[in-house]
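Chemist: Below are the sequence and a predicted model for it; my questions follow.
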Amino acid sequence: NGGNAPSNLNNVRVIYSNNFAFVAVKYNGGIEAWGNTNNGGTAPSLTNVREIHGTYDALVALKLDGTVTAWGAPTYGGNNNIPSTLQNVNSIASNPGAFSALTTDGSVYCWGSAGWGGTCPDSVLNSNISIMFGYTWGYADSTCSSQAALQNTRGESGSGTKQTYYECSMCDSGKNQSSA
């Protein structure tokens, strides 16, 4: 389903994917996409792209100015089906059906399939959450070795212990670290 890469593809910094398409981010910040046109294989014309993230059927670009552009299947977060107030994005995480964005003021935004977390629960919106690094989901790379960790740090009242939880959406167990 990925199709053939464009024959004139050059000056590529990194390549991202979802289940049906690929996106190359060039050194100049532009992008080239190929694959299934309904699922991200046809990208909008963008510049100053920092990184790409993908769900099963959609892709999203985080630009250097903190804005976000999405394309692909709307059910999975594509076709710019993003919250209208989303701006100043610091990082993005994705799973097979939804995206989550963390802004520079600590706000969390979610979009995509509700069954995959596309609607942020109040407990997430009102907590101290930071996303450690991005992850593009796909069948070929569904292990914890190189995927996103969602860090949730809570100070337990009176205990003097800080709990940091690293959760992998595609793994059977997360990693729990305690530090004084």
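Modeler: Yep, that arrived.

Chemist: any low-confidence regions in this protein?
Modeler: In the predicted model, the chain carries pLDDT under 70 at residues 1-3, 123-180.

Chemist: Quick one: the strands in it, in order.
Modeler: 12-17, 21-26, 31-35, 49-54, 58-63, 68-72, 89-94, 98-103, 108-112, 129-131, 150-155, 162-167, 175-179 (DSSP state E).

Chemist: Alpha carbons only: can I get the fourth one in PDB?
Modeler: What it means is strand 49-54. In PDB, the C-alpha atoms belonging to strand 49-54 read as follows (Å, rounded to 0.1, in the frame of the first residue of the first chain):
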ATOM      1  CA  VAL A  49       8.300  20.900   8.900                       C
ATOM      2  CA  ARG A  50      10.000  19.700  12.100                       C
ATOM      3  CA  GLU A  51       8.500  16.200  12.400                       C
ATOM      4  CA  ILE A  52       5.700  13.900  11.200                       C
ATOM      5  CA  HIS A  53       3.600  11.500  13.200                       C
ATOM      6  CA  GLY A  54       1.100   9.000  12.000                       C
END
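
Chemist: Paired strands for it, with orientation please.
Modeler: strand 58-63 (antiparallel) (DSSP bridges).

Chemist: The strand it pairs with vs strand 89-94, what angle?
Modeler: 160 degrees (axes from the mean of the first three to the mean of the last three CA atoms, to 10 degrees).

Chemist: Give me the contact list for strand 58-63.
Modeler: 16, 18, 21, 23, 29, 31, 33, 39-40, 43, 46-54, 68-74, 76-79, 82, 89, 91-92, 94, 99, 112 (CB atoms under 8 Å, 6 or more residues apart in numbering). Yep, even glycine has a C-beta here, placed from its N, CA and C like the rest.

Chemist: again, only this time at 6 Å
Modeler: Strand 58-63 is contacted from outside by 18, 23, 40, 46, 48-53, 68-73, 76-78, 89, 92, 99, using CB atoms under 6 Å, 6 or more residues apart in numbering.

Chemist: Then stretch 24-32?
Modeler: With contact meaning CB under 6 Å, 6+ apart, stretch 24-32 is reached by 6, 9, 11-15, 23, 43, 46-49.

Chemist: from those residues, which would you call buried?
Modeler: Among the contacts of stretch 24-32, those classed as buried by 16 or more other CB atoms under 10 Å are 23, 43, 46, 49.

Chemist: Would you reformat these as TSV and include distance to Thr119?
Modeler: Shown next, in TSV, are the buried ones among the contacts of stretch 24-32 (distance: CB to CB, whole Å):
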residue	distance to Thr119
Val23	26
Ala43	26
Leu46	27
Val49	27
